[in-house]
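1. Sequence plus the predicted model coming up.
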Amino acid sequence: MSKTSSINSAIVHFIHQNLIWLIVTSYLIATLLPALGIWMRQVSLGSVHFLGGDLMFTMPQLMLAILLFNAGLGVKLTELTDLFSKSSLLIGGVLANVLTPLLFIGTVSVLMKLWHSPEEVQQILVGLALVASMPIAGASTAWSQNANGNLALSLGLVLLTTFLSPLLTPLILHAVGFVTTGDYSEDLHELASGGVVSFLGVWVILPSLLGILSRKLMGEKYYNEMKLNLKLFNYIILILLNYCNASLTLPQVLSDPDYDYLLLILVVVTSLCIAAFASGHWLANYFNADRNSKIALMFGLGMNNNGTGLVLASVALVDHPQVLLPIIFYNLVQHLVASIVDRNMFSSLDE
């Protein structure tokens with residue numbers, strides 16, 4: 001291994017071990033120094049005429065596409081060959097990924113009628129809707145792999161929820177639209193009726209497919225040679241995207257903090273995340289799945305692609321920037337809960 005490769009390897013290892021703290025740092029920088037992030041959000045990189053409309057290229061959308069392209073590059077098709085034997089777990093995982101957050105959001109919408117600010121309730125419900133409607137995060141495969149989980153099942157959950165997102169995402173947004181009110185309900189129904197499908201098709205599914213195809217065309221040898229650099233680049237893009245999206249909302253939170261509202265968001269999103277991880281545990285027990293499949297289900301159902309949710313919310317719901325807060329909080333909480341689950345449930349079993 002060359003000196004450069006050794007340095008890159010050490011950097012990637014450091015980032016992987018401290019990712020949650022680096023994301024927290026990006027949020028702090030966005031709060032204190034948001035100017036660069038706001039500029040990154042506003043700069044236009046051009047447009048093309050697509051399906052009867054103009055497709056705008058912005059930096060957050062391109063960064064999201066890069067992340068999904070690299071996720072596709074990480075898919076080795078031969079690792080998915082045994083998915084047919086796990087079809088019940090795969091289908092059950094997809095259903096649980098839809099039903100668990102919907103049941104949770106319905107419950108929260110009833111309980112939070114007691115909250116003193118109806119506006120804050122609507123903001124939280126819309127934020128939860130965007131979390132719930134996103135595909136399973138590609139990061140879940142890394143957590144699953146590190147805990148010696150079933151990688152084929154983990155990859156299958158990511159790919160299937162990603163490719164089904166043009167169907168599942170509008171379904172969830174419409175469902176939550178019926179328990180929200182006023183402008184928030186209208187925004188969710190409008191988003192579900194049109195914009196979200198084209199957004200997912202162009203910025204999520206297409207880059208993922210191109211990544212999978214590129215891995216096939218370049219061959220395993222060339223991919224393995226560039227794998228380390230791709231990981232490093234991916235981490236940089238991920239942190240920049242978090243900073244860019246957070247710069248839109250967090251400075252306002254610092255300038256006029258509403259502590260009870262922030263605490264409420266933290267309690268709600270943490271409860272949703274725990275419920276999602278618990279549903280993976282319950283599903284594995286229901287199907288009498290082995291330990292490796294339980295790992296894949298828990299990390300898969302507990303972690304959503306919030307980078308996509310943040311970009312979508314910041315583009316489509318620009319008149320309600322506060323809905324980004326539950327997504328930002330969930331993005332942090334899911335990694336924290338994942339680390340706790342990994343340490344307390346799985347790491348001890350490997351000793």
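-> That came through, no problem. Numbering: from 1, shown residues only.
2. Give me the distance between residue 108 and residue 267.
-> From residue 108 across to residue 267, the span is 10 Å (CB to CB, to the nearest Å). For glycine as for every other residue, the C-beta is placed from the backbone atoms N, C-alpha and C.
3. Next: residue 161.
-> Taking CB to CB, one finds residue 161 at 26 Å from residue 267.
4. The spatially most central residue of the chain: what's it in contact with?
-> Centroid-nearest residue in the chain: residue 305, 1.4 Å away (criterion: CA atoms, centre = their mean). For residue 305, the contacting residues are 134, 135, 136, 137, 138, 162, 204, by CB atoms under 8 Å, 6 or more residues apart in numbering.
5. Just the pLDDT for it.
-> According to the prediction, residue 305 has pLDDT 91.
6. Need the phi and psi values for it.
-> Per-residue torsions, residue 305: phi -80, psi 80 (degrees, to the nearest 10).
7. same check, this time on residue 256
-> Torsion angles at residue 256 (phi, psi; degrees, to the nearest 10) stand at phi -150, psi 70.
8. ok, how many other residues are close to it?
-> The tally of other residues near residue 256 (other CB atoms under 10 Å) stands at 6.
9. State the distance from it to residue 326.
-> With CB to CB as the criterion, residue 256 and residue 326 are 18 Å apart.
10. now residue 88, nearest residue through space, not along the chain?
-> Spatial nearest neighbour of residue 88, chain neighbours left out: residue 287 (6.1 Å); criterion: CB to CB, 6 or more residues apart in numbering.
11. Sorry, wrong one. I was asking about residue 301.
-> residue 280 (4.0 Å).
12. and that neighbour, what pLDDT?
-> So residue 280 comes in at 96 (pLDDT).
13. That one belongs to a helix?
-> Yes - under DSSP: H, G, I helix; E, B strand; the rest coil, residue 280 falls within a helix.
14. residues contacting it?
-> 93, 96, 294, 297, 298, 299, 300, 301, 302.
15. Cross the residues you listed against helices and list the overlap.
-> 93, 96, 294, 297, 298, 299, 300, 301, 302 (DSSP state H).
16. could these be laid out in CSV, adding neighbour count, pLDDT and distance to residue 227?
-> Shown next, in CSV, are the ones in helices among the contacts of residue 280 (neighbours: other CB atoms under 10 Å; pLDDT from 0 to 100; distance: CB to CB, whole Å):
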residue, neighbour count, pLDDT, distance to residue 227
93, 27, 95, 27
96, 20, 96, 32
294, 23, 94, 28
297, 33, 95, 26
298, 30, 96, 26
299, 31, 95, 21
300, 33, 94, 23
301, 30, 96, 27
302, 29, 95, 26
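17. what about residue 108 and residue 267, which has more around it?
-> A direct count of neighbours by other CB under 10 Å for residue 108 and residue 267 places residue 108 higher, at 19 against 11.
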